[in-house]
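the sequence and its predicted three-dimensional model are supplied below.
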Amino acid sequence: MQYTKIVGGNGLEGEVPISGSKNACLPIIAATLLTHETCILHNVPDLTDTSHMLEIIRYLGSKVQRLEKNSWSITAQQVNYQAPRESAGRLRASVCLMGALLGRKKQAIVPIPGGCNLGARPIDLHLRAFETMGVTIKMQEEQVYLSAKNLRGTTLSMEGPRGSTVTGTANLIMAAVLAEGITTIQQASKEPEIGDLCHFLVQMGTKIHGIGTETLTIEGVDTLYGTEFTIQPDRMEAGTFIILGLLCGNSIAVTGTQRIFLQSALCGLFDAIPHMGEYCHWENDTLHVSHAEKMPPFSIQTRPYPGFPTDLQPQITVLASQIVGTSYICDTIFPERFAHVTEFKKFGMHIEQRTGAIYVHGRTKLQGTSVQAMDLRAGGALYLAGLTAHGETTIRGVEYVDRGYEHFETKLRALGATIERMEA
Ligand code: EPZ
């Protein structure tokens, strides 16, 4: 069992290079199943989630070779359609195997997906989309059995009760690219990660119109081809480090992304936090972030892109605790995504919970403590709290953080953090 010790309270400074995006990369790895030719992927982050996904497609028959640290060659010459129950069940993004295997094989057996415990995470919108394409579906012992005589284009909305589904949109796109006829997706997810998937598929020979908008039109083709593609930077990792800079940065330089990309991909963060511009400034493609001395309290509602991202909700809560006044944070996407509040209170944060929302009363001086990570983004937020707090913090459950932040502790140490990974 691993845990991490942090001694907080120091100002941090230096450069932090942003890695490739986990949530762009996982569906794209699944999409390599759609061709028998070789795909070469660059800027693939070195994470347990990406290792798991590569293992799964290797199990399905793909030839998977590491070319360099973050570059992989994948060739799915022969593919079987039954995903491994154990590892696929652990990874939310394994749900994307359904669309890719339906596209390639017209059938799939995939475990009900796992992933971070953020409250209810149904897949009804995914399955409904497949049914409208002529797929028959049955569920048995936590497995989903999908098959279709032929896959026909459809027109439908991917909007659910809490906005459009991201992996649901990815799934439908991957089932549609080799289907007969045209598929029109209304209220498609507009997350930048979906844009990356679409650009990858276009490079493979797909015809997709409306990329980046809420209406995608996909013309099914007969064959897709191998291609070489670079995964976009991870905007959630960037957002996490930007918030760290606002918390305790003498001056943190966020590199490895383009200004035009990050300003657009993180517009939800930049638009939500008042006076952000006073603490962040661009020098070419490097974003310099410094400690937010006097930031007014804010009111945030998480929304699908381009709104404030739910994957930065725990992190922005730590910032709210350091701001004088009361901030309001509501998660409209995952109303139960507040399991971390009990851990935050151990630092001394003053947080009042409501249904699907919290009030954070700042400013509180945080004291080091012992806490437990319960999911990936909340785990990252515990590091931010530990680095802000005075004294020593112990974080257990750090395996969650290894799922989605590449070399997180190495990057923090390079900024001057006193941080050590221990074996219990
Ligand atoms: C993706 O999860 C991300 N994961 C999540 O990031 C992210 O928090 C989430 O999108 C929202 O942005 C990956 O991309 C691997 P959804 P996903 O389907 O696709 C409801 C991280 O930390 N819904 O967009 O599973 C659902 O309950 C992770 O990297 C249905 O009702 O999320 C939720 O309320 C955490 N029926 C809302 O839609 C469905 O069939 C959005 O879920 C599907 C979803």
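Cool, the structure landed.

which residue is it, in the stretch 1-150 of the chain, that comes closest to the ligand?
Residue nearest to the ligand within the stretch 1-150 of the chain: Leu125 (3.3 Å; Cβ to the nearest ligand atom). Every C-beta, even on glycine, is put in place using the N, C-alpha and C of the backbone.

doesn't that residue belong to a helix?
Yes - remark: Leu125 belongs to a helix, assigned using DSSP: H, G, I helix; E, B strand; the rest coil.

hmm, it is touching Gly168, no?
Yes - the pair Leu125 and Gly168 passes the contact test of Cβ atoms under 8 Å, sitting 4.5 Å apart.

overlap in contacts of these two?
158, 160 (Cβ atoms under 8 Å, 6 or more residues apart in numbering).

thinking again about what came up before, show me what contacts the residue of the stretch 1-150 of the chain closest to the ligand?
Contacts of Leu125 (Cβ under 8 Å, 6+ apart): 158, 160, 165, 168.

adding pLDDT, secondary structure and neighbour count, write these out as CSV.
CSV is the format used below for the contacts of Leu125 (pLDDT from 0 to 100; DSSP: H, G, I helix; E, B strand; the rest coil; neighbours: other Cβ atoms under 10 Å):
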residue, pLDDT, secondary structure, neighbour count
Met158, 97, coil, 25
Gly160, 96, strand, 16
Thr165, 97, coil, 26
Gly168, 97, helix, 26
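
ok, and of the residues you listed, which contact the ligand?
160, 165, 168 (Cβ under 6 Å from any ligand atom).

before we move on, the earlier item: show the pLDDT at the residue of the stretch 1-150 of the chain closest to the ligand.
Predicted confidence (pLDDT) for Leu125: 97.

do the same with the one 10 residues further on
pLDDT recorded at Val135 is 98.

now do the contacts for it.
Here Val135 is in contact with 102, 146-148, 151, 175 (Cβ under 8 Å, 6+ apart).

make it 6 Å
146, 148 (Cβ atoms under 6 Å, 6 or more residues apart in numbering).

let's number from 47 now, not from 1
Yes, from this point I'll number from 47; that puts the last item at Val181.

please report how far it lies from Leu80.
Distance, Val181 to Leu80, using Cβ to Cβ, to the nearest Å: 16 Å.

could you list the low-pLDDT ranges of the stretch 247-396 of the chain?
Filtered on pLDDT under 70, the stretch 247-396 of the chain yields no residues whatsoever.

which bits of the stretch 247-396 of the chain sit near the ligand?
Checking the stretch 247-396 of the chain against the ligand by Cβ under 6 Å from any ligand atom, the hits are 356-357, 379-380.

which among these gets closest to Met282?
Nearest to Met282 out of those is Asp357 (Cβ to Cβ; 4.6 Å).

then that closest one would be within a helix, right?
Yes - if the criterion is three-state DSSP, then Asp357 is within a helix.

surely it and Arg423 touch.
Yes - Asp357 is within contact range of Arg423, at 5.1 Å (criterion: Cβ atoms under 6 Å).

excluding its backbone neighbours, what's nearest the residue of the chain most remote from its centre?
Farthest-out residue of the chain from its mean C-alpha position, per Cα atoms, centre = their mean: Lys195, at 33.5 Å. Counting by Cβ to Cβ, 6 or more residues apart in numbering, Gly180 is the residue found nearest to Lys195 once chain neighbours are left out, at 7.0 Å.

Three-state assignment for that neighbour, please.
coil.

surely it and Ser193 touch.
No - between Gly180 and Ser193 there is no contact under Cβ under 6 Å: 9.8 Å.

that older thread, tell me the secondary structure at the residue farthest from the centre of the chain.
On the basis of three-state DSSP, Lys195 is classed as coil.

Ile219 versus the closest residue in space to Ile257 that isn't next to it in sequence, what's the distance?
The shortest distance from Ile257 to any non-neighbouring residue, by Cβ to Cβ, 6+ apart, is to Cys244 (4.4 Å). Distance, Cys244 to Ile219, by Cβ to Cβ: 7 Å.

neighbour-wise, which of those two wins?
Just comparing Cys244 and Ile219: by other Cβ atoms under 10 Å the higher neighbour count belongs to Ile219, 29 against 23.

what about the more buried one, which SS state?
helix.
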